[in-house]
Every structure is written in C-alpha cells, then in structure tokens.
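Q: fold the following.
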Amino acid sequence: MFSTPSAQWLFLTRLPKFGPVRRRELLADIPDLTHLLTLNSATLRALGLAADSLAAIQAWQQRDESHPMVGEVWSILNNCRRHGIGILTWQDVNYPEQLRHIHDAPVVLYTLGDTGLLGRDQLAIIGSRKATRAGLDHARRFAAELSARQLLVTSGLALGVDGAAHAGALDAGFPTTAVIGCGLDRIYPNQHRRLGERVIAEGLMLSEYPPGTPARAAHFPQRNRIISGLSRGVLVVEAGLRSGSLITARMALEQGREVFAIPGSVHSPVARGCHQLIKQGARLVETVDDILEELGAWWSPPLTETASAPESPATTNPQPAVAGLDRREIAVFEALGYDPQSTDALSSATGLPADQLMQSLLLLELQGLVSSAPGGFQKIA
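A: Numbering: from 1, shown residues only. Predicted coordinates for the structure are as follows:
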C-alpha cells in the first residue's frame with residue numbers, strides 16, 4: 001500500500017495545514033509532492049511543514065499503521081475496494097486537464113463509471129432545485145440536444161434542474177457526468193438514487209469525498225467548483241437571486257469559463273437570477289446554437305455527427321402539435337402566453353364559460369403544452 005500513488009496522494013490529503021496554498025508553494029520546489037514522503041525530518045522542517053504533519057510523515061515512513069492518519073488511509077482504500085470505487089489522483093494521466101488548472105483543484109477524485117469520459121468536452125447545466133415545469137423541460141431538452149452535438153452534460157444530481165439535465169441526456173441515449181457532495185457509496189439526494197444508478201451505469205459519477213462521507217451543506221459550494229472546473233461553460237436554466245447556481249456561475253467566471261442563462265418571465269422568482277446574470281454579461285440563450293456559437297472559438301461540432309443529429313425543440317422553435325385538438329383547445333392555447341394568465345382573463349379572451357375553459361386547460365396540461373403557475377396558467381411549449 002505505502003508505495004502506490006493513490007495511497008500516497010490520499011495520505012497527503014489527510015495532512016493538517018496542507019491545503020491548496022501550501023501545496024502551490026511546495027510545487028515550486030517539488031514538482032511531485034509524493035516525494036515529500038521520502039524526505040528526512042530536517043528537510044521537511046526546512047520546508048516549513050507543521051509539527052503534526054512531520055509526525056504523520058514519519059509514521060508513514062515507518063509504516064506505522066497505528067497512527068490515525070495512516071489508519072485512515074487504510075480505511076478509505078478498503079472502502080473503495082469494497083464498493084468498487086476508483087481513485088484518480090493529481091498525477092494520473094487521466095486527471096481532467098480542465099480541472100487541473102483551477103484554484104483549489106481537488107488532489108484526489110473518487111470515481112464510479114467510465115472515467116474515459118473525462119477526456120470529453122463538457123458543458124454544465126445547473127439551476128433551481130424548485131424549478132418550474134418549464135425549467136425542467138428546458139433542462140431536459142437542452143441536455144438531450146447538447147449531448148447529440150457531442151458535448152458531455154455535467155451537473156450535480158440535485159433535485160430540480162440538475163436531475164432533469166441528467167435524465168435528459170440519459171433518456172436520449174447519451175452518457176452524463178454527476179459530481180456529488182458526499183461519498184460515492186451514498187447517493188444524495190435519496191430521491192435520485194435510481195437516477196444516480198443510471199448515471200454510474202451509463203456515464204460517470206465523481207466526488208472529492210471518500211466513501212462514508214455524508215452530505216453536508218458546506219460540501220455543495222465545494223462540489224460546484226468541480227462542476228464548473230470540468231466544463232467549458234455553464235448553462236443556468238432557472239435560479240433565484242440567492243440560488244447556489246449563481247455561486248457556481250461566479251466560480252465559472254473566475255475560472256475563465258463561459259456563462260449562459262435562459263431568460264424567463266419577469267414575474268417568476270426563479271428567473272431573476274438568470275436575468276441578473278444576463279445583465280452582468282452572461283450570454284442570453286434561446287437555443288443550443290446560441291451556446292455553440294459562443295463556444296466556437298475553441299470548439300466546433302463534428303460534421304458527421306451534427307449532420308445526422310435529429311432536430312429537437314432546443315434548436316428549433318416548432319409550433320406545438322395542436323392539430324389533434326379541437327378548436328376550443330386551440331383557442332385556449334393561442335390565448336395563453338409564457339407569463340401566467342388568470343382564468344378570468346382567459347375566459348374573457350376565449351369567450352368560454354369557466355367549466356369548458358377548465359376542461360380545455362386540463363387537456364392541454366395532459367398534453368404537456370400548458371402548466372399551472374402562481375397567478376394562473378402559462379404555455380410551456
């Protein structure tokens with residue numbers, strides 16, 4: 001165990017006062033940080049390592065498995081073997097190059113699934129956990145079309161937009177990457193256990209936290225820097241003004257990534273974060289082509305793939321298939337907008353009595369063309 005790179009890097013992550021700033025300082029003199037584990041005490045002291053770090057390294061050199069830090073590494077390795085979890089270290093050739101250059105890049109990543117996907121160009125789709133039906137639909141459609149255009153969709157497996165993005169890619173027959181804020185042996189949230197299993201089977205799940213680590217609030221901002229760090233750009237579908245998605249978008253900007261946002265109704269609280277991002281310079285997005293145009297400086301879709309890729313609602317703006325509906329439902333649909341309208345306003349616009357109007361709205365909702373919202377009903381197609 002003591003000679004394996006994964007064990008050595010795991011041990012370095014357990015050292016006290018050995019965070020990203022200290023690591024960067026040492027990298028100037030020691031390009032391979034695992035070399036620290038071979039140095040004598042005098043040299044380690046000269047490098048300014050803390051006393052408890054010196055004691056831990058000495059225990060490692062003496063292969064003292066009774067030392068807490070050494071024992072912890074043993075425990076993590078055993079848990080990874082038990083759960084089939086892979087360990088990707090900083091020096092591994094498969095470590096994603098995009099991520100390697102961010103501030104506070106994780107030294108170790110735990111993996112379940114196809115790590116070969118890390119060589120793909122990725123685009124993150126994030127947004128509100130309390131997304132509207134329209135927001136969920138946008139996430140699914142954009143994820144499916146971006147995947148068809150050869151971008152790997154990355155998100156955080158959270159409720160709402162994240163889950164819809166993963167499902168959109170998988171349902172369209174493409175892999176997806178999920179970065180979670182706990183150990184890979186405990187998929188979080190529990191409501192997405194089945195979805196998480198699909199991600200692992202058909203794509204890749206990542207975490208910087210060892211197995212056994214529970215989900216904690218402080219982990220999610222840390223998780224978000226990995227989502228943006230892996231990606232060429234971040235698409236925010238819906239977000240409130242205090243949404244964690246805005247933190248991720250800010251991290252993306254700091255990392256030199258592109259930020260995209262889908263506008264929404266001025267009356268919707270989950271659209272205000274997107275509107276704020278657009279005011280601050282994020283690219284307003286209506287179709288997948290808006291994203292590809294902005295990314296064109298470094299990426300162009302493979303001609304063979306895009307020529308055969310089917311059209312989807314994310315790249316075109318077809319009218320909904322209302323041909324099978326009767327004139328009453330068509331009249332109600334045409335009277336609706338993308339902002340909520342009250343039943344009184346719809347009744348006045350269509351001339352329909354309340355009972356017939358509600359029947360038509362129910363039918364349109366079952367067809368996936370309309371959704372209820374605070375203040376009434378609105379189009380979603």
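Q: surely Val161 meets Ala124?
A: No - judged on CB atoms under 8 Å, Val161 makes no contact with Ala124 at a distance of 10.7 Å. From N, CA and C alone the C-beta is placed, and that goes for glycine too.
Q: what sits in contact with each of those two?
A: Ser155 (CB atoms under 8 Å, 6 or more residues apart in numbering).
Q: tell me where the chain has strands.
A: Along the chain, counting by DSSP state E, strands occupy 86-89, 108-113, 122-126, 152-155, 176-179, 204-207, 233-236, 258-261, 283-284, 370-373, 376-379.
Q: low-confidence ranges in the stretch 251-381 of the chain?
A: 297-324, 338, 381 (pLDDT under 70).
Q: could you do the stretch 101-250 of the chain as well?
A: For the stretch 101-250 of the chain, no range has pLDDT under 70.
Q: contacts only, for Phe377.
A: By CB under 8 Å, 6+ apart, the neighbours of Phe377 are Leu336, Pro340, Gln341, Thr343, Leu346, Leu361, Glu365, Val370, Ser371.
Q: of the residues you listed, buried ones?
A: Applying a neighbour-count criterion of 16 or more other CB atoms under 10 Å, the buried members of those are Leu336, Pro340, Gln341, Leu346, Leu361, Val370, Ser371.
Q: report how many residues lie close to the closest residue to the last one other than its chain neighbours.
A: What sits nearest to Ser371 in space, not counting adjacent residues and going by CB to CB, 6 or more residues apart in numbering, is Arg133, at 4.2 Å. Arg133 has 15 neighbouring residues, counting by other CB atoms under 10 Å.
Q: residues near Thr350, how many?
A: Neighbours around Thr350, by other CB under 10 Å: 18.
Q: go ahead and confirm it touches Phe333.
A: No - Thr350 is beyond contact range of Phe333, at 9.9 Å (criterion: CB under 8 Å).
Q: hang on, the residue nearest to Ser371 packs against Gln378?
A: No - using CB under 8 Å, Arg133 is not in contact with Gln378; the gap is 9.3 Å.
Q: what sits in contact with each of the two?
A: By CB under 8 Å, 6+ apart, the residues touching both Arg133 and Gln378 are Ser371.
Q: and the protein, what are its domains?
A: 1-82, 115-308, 327-379 (automatic domain parsing).
Q: how far off centre is the last one?
A: If I follow you right, that is domain 327-379. 35 Å (CA atoms, centre = their mean, to the nearest Å).
Q: if we can go back for a sec, which one of the contacts of Phe377 sits closest to Pro31?
A: Comparing those against Pro31 with CB to CB places Ser371 closest, at 55.6 Å.
Q: so that closest one is in contact with Thr132, correct?
A: Yes - with contact defined as CB under 8 Å, Ser371 and Thr132 form a contacting pair (7.1 Å).
Q: which residues do these two both contact?
A: By CB under 8 Å, 6+ apart, no residue touches both Ser371 and Thr132.
Q: tabulate the CA atom coordinates of stretch 351-369 in PDB.
A: Extracted in PDB, the C-alpha atoms of stretch 351-369 (Å, rounded to 0.1, in the frame of the first residue of the first chain):
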ATOM      1  CA  GLY A 351     -65.500  33.600 -24.600                       C
ATOM      2  CA  LEU A 352     -65.600  30.200 -22.900                       C
ATOM      3  CA  PRO A 353     -67.500  29.600 -19.700                       C
ATOM      4  CA  ALA A 354     -65.500  28.500 -16.600                       C
ATOM      5  CA  ASP A 355     -66.300  24.800 -16.800                       C
ATOM      6  CA  GLN A 356     -65.400  24.500 -20.500                       C
ATOM      7  CA  LEU A 357     -62.200  26.600 -20.000                       C
ATOM      8  CA  MET A 358     -61.000  24.300 -17.200                       C
ATOM      9  CA  GLN A 359     -61.700  21.200 -19.200                       C
ATOM     10  CA  SER A 360     -59.600  22.600 -22.100                       C
ATOM     11  CA  LEU A 361     -56.800  23.700 -19.700                       C
ATOM     12  CA  LEU A 362     -56.700  20.200 -18.200                       C
ATOM     13  CA  LEU A 363     -56.500  18.600 -21.600                       C
ATOM     14  CA  LEU A 364     -53.700  20.900 -22.700                       C
ATOM     15  CA  GLU A 365     -51.900  20.200 -19.400                       C
ATOM     16  CA  LEU A 366     -52.100  16.500 -20.000                       C
ATOM     17  CA  GLN A 367     -50.600  17.100 -23.500                       C
ATOM     18  CA  GLY A 368     -47.600  18.800 -21.900                       C
ATOM     19  CA  LEU A 369     -48.400  22.100 -23.600                       C
END
